[in-house]
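have a look at this prediction, sequence included:
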Amino acid sequence: MKIPIALVIPAFLSLTVASSFAPAFAAPPKWSCSSASAACIKLYSDSPELAAKCQPARASCMSTGTFVGPKGKAFPGMVKR
């Protein structure tokens, strides 16, 4: 049985396009405040003023469980470690 190419390509493209727009350090389940901070520092390594905001965000996350990145996006449900 042959599958028409028109059915295969759109499914592949939609998967590729959807995955390419994922946020850089979006919080998957069980991310820790420390790992989010490390990802933040790495992500903003070319922008020292933004990278400098990652450590205070980690400290806040350790008490609240929500990592708020340098641009204000919140990632709730972090593990406090």
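In hand now; what should we look at?

state the mean pLDDT of stretch 35-43.
Average pLDDT, stretch 35-43: 96.

may I have it exported as CSV, CA atoms only?
Output of stretch 35-43 as CSV, limited to C-alpha atoms (Å, rounded to 0.1, in the frame of the first residue of the first chain):
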residue,chain,number,x,y,z
SER,A,35,18.5,24.4,35.8
ALA,A,36,16.3,27.2,34.6
SER,A,37,18.8,29.8,35.8
ALA,A,38,21.6,28.0,34.0
ALA,A,39,19.6,27.8,30.8
CYS,A,40,18.8,31.5,31.2
ILE,A,41,22.4,32.5,31.6
LYS,A,42,23.4,30.4,28.6
LEU,A,43,20.5,31.8,26.5
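
now do the buried residues in that stretch.
35-37, 39-41, 43 (16 or more other C-beta atoms under 10 Å). Just so you know, the C-beta spots here come from the backbone N, C-alpha and C atoms, and that holds for glycine as well.

next: stretch 63-81.
For stretch 63-81, by 16+ other C-beta under 10 Å, it's 66-70, 75, 78.

mind checking which of these land in strands?
67-68, 75 (DSSP state E).

got any ranges where this protein has weak pLDDT?
1-29 (pLDDT under 70).

go again using 90 as the cut-off
Scanning the chain for pLDDT under 90 picks out 1-31, 81.

can you lay out the buried residues of stretch 35-43 as a markdown table showing secondary structure and distance to A51?
Listed next are the buried residues of stretch 35-43 as a markdown table, based on DSSP: H, G, I helix; E, B strand; the rest coil; distance: C-beta to C-beta, whole Å:
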| residue | secondary structure | distance to A51 |
| --- | --- | --- |
| S35 | helix | 16 |
| A36 | helix | 13 |
| S37 | helix | 10 |
| A39 | helix | 11 |
| C40 | helix | 7 |
| I41 | helix | 5 |
| L43 | helix | 8 |
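
brilliant, that's me finished.
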